[in-house]
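>>> Predicted model and sequence below, questions to follow.
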Amino acid sequence: MPYQFNAGNYRYISLASSNGAFDPLGFLSEFITSGPYSTININLQADKNTTFNLYSNISMDDTTKVLHFSKILIPNENFSKKFQIQSGFFQVEVLNNDAILGSLFLYTSVSSSTQFSTQTFLNSNLSIDDNTNLIRVSNDYGMDLVRGIHTDFQKINISGLLETNPGSEETIGLGDDYIYTTIGTAANLVVAGANDNQPAGTGARFVRIKGTLDTGASFNSLYDVNTGTGSTGLNIQSVDSMEITEVGSLTHNEGLIQITGAGAQVLGNMLPTANFQKSAYYKVPTSKELVISDIQISGYSQGGTIKVYIYNPSTTIQYSIADFHISTTPQMIDFKLQKTLLSGEVIKVNYVPNIAGDLLINVNVNAALCPTISAF
């Protein structure tokens, strides 16, 4: 038995547990009294698509229960979490979203040892979900975001590079002032390099593209560059990143690789030999919020202005939240933005030239993609 473990601090709840057949209608426990306990421990795995719901209640009356936590799980996903008990009673529900007989393992217990109720170990990817509320032993939170330990939260770096002075205002990295409103049009993958655009070419071979569809949903797709220019099959509204994942003997994409929408508007832009897109544009996907902390700029030009815009595609309203003048004196700017973008909104960084000539600008916007604040 573990050191200082008291069996009285722990209770297995058989009425809220199951090990065997997963009914097509799912599983619903009775209302369980929490008694002196303060923590609910859930271990769950099912071989079907499921929705896990945890309800709290001030009584055993079904009409007064409140949804405390909900999460959609894929087949065979391990779900192990601890929750703070907030009422005198709780109820566990596992919905069978496939409505097909399957198998279910559900182990529910309660505990009063809150000082040991950590969500995960320091180096574990068994991570915190949004809407859970307990003590956790943690590394630096920002470091954990970068490492991807928090599955419901994500570190976002919106990076842009501009090396050629444009003739007019443009979104950094996209070659034009990008405001996308057309929906319902499949985007195209455009491959310019001769050694990229051929079977088993010596240039780029596969590219991974991430972004947001015009429905607001996120996508993450891998494309065979060697098949050449053609439809992606997706109605893409925003491209967050393009990254070459496999190359031939050249070790990079030989030519320009783009994602274009209606009217050949550039949505994604990977420069020759870059292997990675650096475009300062990001759209917040459905059911998410983007918390922007700061922008970092390293710039040199003959004269121009960097403008940080917030854009709403639904209303077509756009406004600048920060402007920076860039001159021939090399500049390093670190500016706190402290701004929250809601689902569907866009942040983009543009450059407005005043004088032609040499130019080199790097921008990076630091942000965290978070779940929408829960209504629970």
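Structure's in. What do you need? Residues are numbered from 1 along each chain as shown.

>>> residues near Gln331, how many?
Using other Cβ atoms under 10 Å, Gln331 has 16 other residues around it. In this view, the C-beta of every residue, glycine as well, is placed from N, C-alpha and C.

>>> where are the low-confidence patches of the protein?
Low-confidence segments of the chain (pLDDT under 70): 1-8, 113-139, 181-182, 374-376.

>>> Show me how the record splits it into domains.
Here the domain assignment for the chain is 7-117, 154-163+282-371, 175-277, based on automatic domain parsing.

>>> Export those as JSON lines, with columns for distance to Gly142.
Formatted as JSON lines, the domains of the chain follow (distance: least, Cβ to Cβ, whole Å):
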{"stretch": "domain 7-117", "distance to Gly142": "23"}
{"stretch": "domain 154-163+282-371", "distance to Gly142": "7"}
{"stretch": "domain 175-277", "distance to Gly142": "20"}
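
>>> Between these, which one is closest to Met143.
Ranking those by proximity to Met143 (Cβ to Cβ) places domain 154-163+282-371 first, at 9.4 Å.

>>> what's the neighbour count on Leu44?
Neighbours of Leu44 using other Cβ under 10 Å come to 23.

>>> Settle this for me: it is touching Glu93, isn't it.
No. The pair Leu44 / Glu93 is not scored as a contact, 11.1 Å apart, by Cβ atoms under 8 Å.

>>> Find the residues that touch each one of those two.
Phe52 (Cβ atoms under 8 Å, 6 or more residues apart in numbering).

>>> do you know which of the domains of the chain lies nearest Leu145?
domain 154-163+282-371 (4.0 Å).

>>> Can you give the distance of that closest one from its chain's centre?
19 Å (Cα atoms, centre = their mean, to the nearest Å).

>>> Just the terminal-to-terminal distance for it.
From its first residue to its last, domain 154-163+282-371 covers 10 Å (Cα to Cα, to the nearest Å).

>>> Equivalent analysis for stretch 281-289, please.
One end of stretch 281-289 to the other measures 15 Å (Cα to Cα).

>>> Quick check: closest non-adjacent residue to Ala187.
Using Cβ to Cβ, 6 or more residues apart in numbering and skipping the chain neighbours, the partner closest in space to Ala187 is Ile236 (4.0 Å).

>>> residue contacts, Lys160?
If you look again at residue 160, you'll see it is Gly, not Lys. By Cβ under 8 Å, 6+ apart, the contact set of Gly160 is 171-173, 278-281, 349, 361-364.

>>> at 10 Å what do you get?
The neighbours of Gly160, taking Cβ atoms under 10 Å, 6 or more residues apart in numbering as the test, are 171-174, 277-281, 297, 306, 348-351, 361-365.

>>> roughly how far apart are it and Tyr281?
The span separating Gly160 from Tyr281 equals 8 Å under the rule Cβ to Cβ, to the nearest Å.

>>> Which parts of the stretch 1-150 of the chain are strands?
With DSSP state E, counting those that start in this stretch as the criterion, the stretch 1-150 of the chain has strands at 10-12, 18-22, 27-28, 32-33, 39-46, 50-57, 66-73, 79-84, 89-96, 102-111.

>>> Make JSON lines out of those and add distance to Ile244.
Formatted as JSON lines, the strands of the stretch 1-150 of the chain follow (distance: least, Cβ to Cβ, whole Å):
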{"stretch": "strand 10-12", "distance to Ile244": "52"}
{"stretch": "strand 18-22", "distance to Ile244": "42"}
{"stretch": "strand 27-28", "distance to Ile244": "46"}
{"stretch": "strand 32-33", "distance to Ile244": "53"}
{"stretch": "strand 39-46", "distance to Ile244": "36"}
{"stretch": "strand 50-57", "distance to Ile244": "37"}
{"stretch": "strand 66-73", "distance to Ile244": "32"}
{"stretch": "strand 79-84", "distance to Ile244": "35"}
{"stretch": "strand 89-96", "distance to Ile244": "41"}
{"stretch": "strand 102-111", "distance to Ile244": "40"}
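
>>> Mind checking those for the one nearest to Ala262?
Nearest of the strands of the stretch 1-150 of the chain to Ala262, taken as Cβ to Cβ: strand 66-73 at 32.7 Å.

>>> anything in contact with each of Gly160 and Tyr281?
Residues touching both Gly160 and Tyr281 (Cβ under 10 Å, 6+ apart) are 171-174, 348-350.

>>> among these, which are in helices?
Among the shared contacts of Gly160 and Tyr281, no member falls in helices (criterion: DSSP state H).

>>> Any chance of TSV for those, columns distance to Thr164?
TSV is the format used below for the shared contacts of Gly160 and Tyr281 (distance: Cβ to Cβ, whole Å):
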residue	distance to Thr164
Thr171	14
Ile172	11
Gly173	11
Leu174	13
Lys348	18
Val349	16
Asn350	15
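
>>> possible to save those as a markdown table with distance to Tyr180 and neighbour count?
Converted to a markdown table, the shared contacts of Gly160 and Tyr281 look like this (distance: Cβ to Cβ, whole Å; neighbours: other Cβ atoms under 10 Å):
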| residue | distance to Tyr180 | neighbour count |
| --- | --- | --- |
| Thr171 | 10 | 25 |
| Ile172 | 16 | 25 |
| Gly173 | 15 | 27 |
| Leu174 | 10 | 23 |
| Lys348 | 10 | 26 |
| Val349 | 16 | 27 |
| Asn350 | 14 | 24 |
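
>>> And those residues, which is closest to Ser17?
Closest approach to Ser17 among these (Cβ to Cβ): Lys348, at 50.2 Å.

>>> Quick check: nearest residue in space to Leu161, chain neighbours excluded?
Using Cβ to Cβ, 6+ apart, the closest residue to Leu161 is Lys278 (4.0 Å).

>>> Likewise for Tyr282?
Among residues not flanking Tyr282 along the chain, Ile158 sits closest, at 4.7 Å (Cβ to Cβ, 6+ apart).

>>> I'm done for today, thanks for sticking with me.
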